[in-house]
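[1] Give me the fold of what follows.
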Amino acid sequence: MKKSIFLTVLLGLFLVSTAIADPGDTLWTRTYGGSRMDYGFSVQQTSDGGYIIAGKTDSFGAGGDDFYLVKTDAKGDTIWTRTYGGYDWDVANSVQQTSDGGYIIAGGTYSFGAGEYDIYLVKTDSIGNTLWTRTYGGSGQDVSYCVQQTSDGGYIISGAIELVWTDNYDVWLIKTDASGDDLWTRTYGGDNSDERGRCVQQTTDGGYIIAGHTGSGAGLNDVYLVKTDAGGNTLWTRTYGGSSYDNGYFVQQTTDGGYIISGTTKSFGPGEYDAWLLKTDANGDTLWTRIYGDIYDEYGWCVQQTTDGGYIVAGTVVYNIHNWDVYLLKTDANGDTLWTRTYGGWDRDMGYSVQQTTDGGYIVAGCFMGPGSVDVWLLKLAGEPEISMSCQNLTPIFCRGKNLYFKLTVGNRLGENISGTLTFSGYSGYDCDPMNVLVSIPRTKTYPPGITEEYYHFKVPSAVGPGQYSASVGGTLGDADLFCCMNVDIVQCEPWKTGDNTDWELVEIDRPDIALPTVTELYQNYPNPFNAQTNIGFSLAEAGNVTLEVYDIGGRLVTTLVDGHQKSGEHKVTWDGCDLASGVYFYKLTAGDYTETRRMMLVK
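    Take a look at the predicted model:
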């Protein structure tokens, strides 16, 4: 096995487990339904270790479609099923187990209520018997997509209300008491545009976060995020998207106080529609976005933060009009893909809801299309390794003689302490080539159950010059062999930073404690001269609007690499000149009052 450190921009993680099943492998699947069309739209693990699934059924019940509730044991075997509804069509979109052990179900009804289509709320006991029902709505078509029990024992419902004399909708938020009687309602949206609230969650400050879509943004449809106080009063709203159709379907508050949103985008990505994940801070400002997909259409219906700080996304991939599959995506904390899986047969199979289970695996609900019918589909999937490890660079660009900071995360799901030796290794050149090892520093430690985050820095010798390097952490903890390899670029800072240290030294620290740059500076590109691709680095002492432009020797603008707001810190941009002629080019950084131009040479 390759010995192992760290030096880097995080390009990937490699996790190895003692478990037989790989993450995302199917442990079991179950279908539920009859001879007609039955769908599962929401799933949650229950306090007894089993599962509750809500959706709609055309096979059973009183009407054309009815609310369909399925309770299973931990193996997915049916304990009981219930239907709720009237003579017409009724669809359940969301279910949650309540603090009394029963269930709250929300959706829409044509059978009951004052309007054409109304929000329908059903409260049951622990075995699915109806305790009460409520409808909410006006004369038009109103629907709920999500319900959650609130800290006061009542419920918060998100959905859409049809505007009078128009075909448009506003986001609708309804707060009820424990009996389902409404305490207040709020609407959110623009004038003469269509908005819907697909998901709501109570936040740690007692308010609410709502995700959906709006026609009042920059494009034809934008992701819409609304933050309210405890009374539903708007604190702020945000829209995200491009020039085409972009939708948000699910939101969750993350452990750092920010939010994660899953959806789809038609504005960006290689397919007509692609799955989209957006991470924001507590104020809704974008920290990062990621697009997932290829030439097919991918939809991200649901997202959950996982115990390792990453995210699990469930959705659907559409290959053609006849062939769809359940789509599952696991990412790290930065949204970078760890693995993807698809599940399905030769017809149209969909995944709508996902949750991480107490054993570290995943449960997914959707539908499976067989000959002549559609069934509710429940999939139990393997989770992450019992022992796992990941690395994250905290100083993506640095000069020789500086400290290189990184975070090591060790996950232990064994329920007991594990001990072993990890080796931190650095290499000259990319890809952790054992022939180019510069340093290997072993470290023996015991890790308790749970997630352990450790911060380190290397004192990088001044003798290490600019160029491409790699690093790894690897070794054995318990019976698990672990390894991760990453790549880093050391840039030429001017003047050269010199230090007293002549040898590598690994130092464990209580926190990253990374000082931000004190000056704004444009670095020399590397490599230089270059063939096709080169890296351009710069530091920003303050956040602000930045442009980074490339010009040819005649002073003509070739391309703009950066144009917009950038955070303070170190930045790196890769420029590809493969379509340009050999010669001298110039790159210019403008950041506030700072302007600097440097020269580079393209050689083919």
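[2] Name the surrounding residues that touch the helix or strand hosting Cys199.
    Using DSSP states H and E, Cys199 sits in strand 195-202. Contacts of strand 195-202 with the rest of the structure, by CB atoms under 8 Å, 6 or more residues apart in numbering, involve 145-146, 148, 150-151, 156-160, 168-173, 188-189, 208-216, 224, 226, 247-253. C-beta coordinates here come from the backbone N, C-alpha and C atoms, glycine included.
[3] mind redoing it with 6 Å?
    Contacts with strand 195-202, where a contact means CB atoms under 6 Å, 6 or more residues apart in numbering, come from 145-146, 150, 156, 158-160, 169-171, 189, 208-214, 249-251, 253.
[4] So what are the sheet partners of the next helix or strand after that strand and their directions?
    Remark: after strand 195-202, the chain's next helix or strand is strand 208-214, criterion DSSP H and E. Applying DSSP bridges, strand 208-214 is found paired with strand 195-202 (antiparallel), strand 222-228 (antiparallel).
[5] export those strands to CSV and tack on mean neighbour count and mean pLDDT?
    Formatted as CSV, those follow (neighbours: other CB atoms under 10 Å; pLDDT from 0 to 100):
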stretch, mean neighbour count, mean pLDDT
strand 195-202, 25, 96
strand 222-228, 25, 97
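[6] shouldn't Gly76 be in contact with Leu378?
    Yes. Between Gly76 and Leu378 a contact is recorded at 5.4 Å, counting by CB atoms under 6 Å.
[7] can you list the domain ranges for the protein.
    Here the domain parsing of the chain from automatic domain parsing is 26-381, 387-509, 521-602.
[8] which one of the ones you listed is the most hemmed in?
    Across the domains of the chain, averaging neighbours per residue (mean count of other CB atoms under 10 Å) puts domain 26-381 on top, at a mean of 20.
[9] how long is it end to end?
    5 Å (CA to CA, to the nearest Å).
[10] on that earlier part again, now for Gly76 and Leu378: what residues contact both?
    Arg30.
[11] ok so, going back, for my notes, please list the strands paired with strand 208-214 in JSON lines and give distance to Asp66 for each entry.
    Output for those, formatted as JSON lines (distance: least, CB to CB, whole Å):
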{"stretch": "strand 195-202", "distance to Asp66": "22"}
{"stretch": "strand 222-228", "distance to Asp66": "31"}
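[12] Tell me which of those strands approaches Thr358 most closely.
    strand 195-202 (20.2 Å; CB to CB).
[13] Sheet partners, orientation included, of the strand or helix carrying Lys123?
    Using DSSP H and E, Lys123 sits in strand 118-124. Strand 118-124 pairs in its sheet with strand 103-109 (antiparallel), strand 130-136 (antiparallel), by DSSP bridges.
[14] Please name whichever of these is nearest to Tyr117.
    Nearest to Tyr117, of all the strands paired with strand 118-124, is strand 103-109, at 5.5 Å by CB to CB.
[15] what does that closest one contact?
    Residues outside strand 103-109 that contact it (CB under 6 Å, 6+ apart) are 52, 54, 67, 90-98, 117-118, 120-124, 143-144, 147, 155, 157.
[16] how does it look with 8 Å?
    Residues from elsewhere that reach strand 103-109 (CB under 8 Å, 6+ apart): 52, 54, 56, 67, 69, 84-86, 88-98, 117-124, 126, 128, 135, 142-147, 149, 155, 157, 159.
[17] So which of those are in helices?
    If you go by DSSP state H, the contacts of strand 103-109 have nothing in helices.
[18] Looking at the strands paired with strand 118-124, which is nearest to Met369?
    For Met369, the closest of these is strand 103-109, at 21.4 Å, according to CB to CB.
[19] got the CA positions of the closest one in PDB?
    In PDB, the C-alpha atoms belonging to strand 103-109 read as follows (Å, rounded to 0.1, in the frame of the first residue of the first chain):
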ATOM      1  CA  TYR A 103     -48.000  10.600  11.700                       C
ATOM      2  CA  ILE A 104     -48.800  13.900  10.000                       C
ATOM      3  CA  ILE A 105     -49.500  13.700   6.200                       C
ATOM      4  CA  ALA A 106     -49.900  16.600   3.800                       C
ATOM      5  CA  GLY A 107     -50.900  16.900   0.200                       C
ATOM      6  CA  GLY A 108     -53.800  17.900  -2.000                       C
ATOM      7  CA  THR A 109     -57.500  16.900  -2.400                       C
END
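[20] in terms of contact, does Thr444 touch Thr423 like I think?
    No. Counting by CB atoms under 8 Å, Thr444 sits too far from Thr423 to count as a contact (10.0 Å).
[21] quick one: Gly115 and Gly138 touch, right?
    Yes. Using CB under 8 Å, Gly115 makes contact with Gly138 at a distance of 5.3 Å.
[22] and stretch 386-398, what's its mean pLDDT?
    Regarding stretch 386-398, the rounded mean pLDDT is 75.
[23] Repeat that for stretch 71-80.
    97.
[24] That stretch spans what distance, first to last residue?
    In stretch 71-80, first residue to last residue: 5 Å (CA to CA).
[25] same thing with stretch 157-169?
    First-to-last residue span, stretch 157-169, CA to CA: 16 Å.
[26] Give me the residues contacting that stretch.
    Residues outside stretch 157-169 that contact it (CB under 8 Å, 6+ apart) are 106, 108, 119, 121, 136-147, 170-176, 187, 189, 192-200, 210, 212, 215.
[27] Please spell out the segments of the stretch 51-200 of the chain that come in under the pLDDT threshold.
    164-166 (pLDDT under 70).
[28] Show me the strands in it, by range?
    For the stretch 51-200 of the chain, the strands defined by DSSP state E, counting those that start in this stretch occupy 51-57, 66-72, 78-84, 90-97, 103-109, 118-124, 130-136, 143-149, 155-162, 169-176, 182-188, 195-202.
[29] Can you give the strand pairings for the second one, parallel or anti for each?
    Counting by DSSP bridges, the strands paired with strand 66-72 are strand 51-57 (antiparallel), strand 78-84 (antiparallel).
[30] starting at the chain centroid, how far to that strand?
    Taking CA atoms, centre = their mean, to the nearest Å, the mean C-alpha location of strand 66-72 is offset from the chain mean by 28 Å.
[31] Give me the angle between that strand and strand 90-97.
    Per axes from the mean of the first three to the mean of the last three CA atoms, to 10 degrees, the angle that strand 66-72 makes with strand 90-97 is 30 degrees.
[32] contacts for strand 66-72?
    Applying CB under 8 Å, 6+ apart, the external contacts of strand 66-72 come out as 30, 32-33, 38-40, 46, 50-57, 60-61, 78-85, 90-92, 95, 103, 105, 107, 120, 122, 124, 127-128, 376, 378.
[33] Swap in 7 Å and give it another go.
    Residues external to strand 66-72 that are found in contact with it (CB atoms under 7 Å, 6 or more residues apart in numbering): 32, 38, 50-57, 60, 78-85, 90, 92, 95, 103, 105, 107, 122, 128, 376, 378.
[34] Who is the closest residue to Gly64 other than its chain neighbours paired with across the strands?
    In space, and not counting its chain neighbours, Gly64 is closest to Trp89: 4.7 Å by CB to CB, 6 or more residues apart in numbering. Bridge pairing for Trp89 (DSSP bridges) gives the partners Asp65.
[35] got the contact list for Trp89?
    Gly63, Gly64, Asp65, Tyr110.
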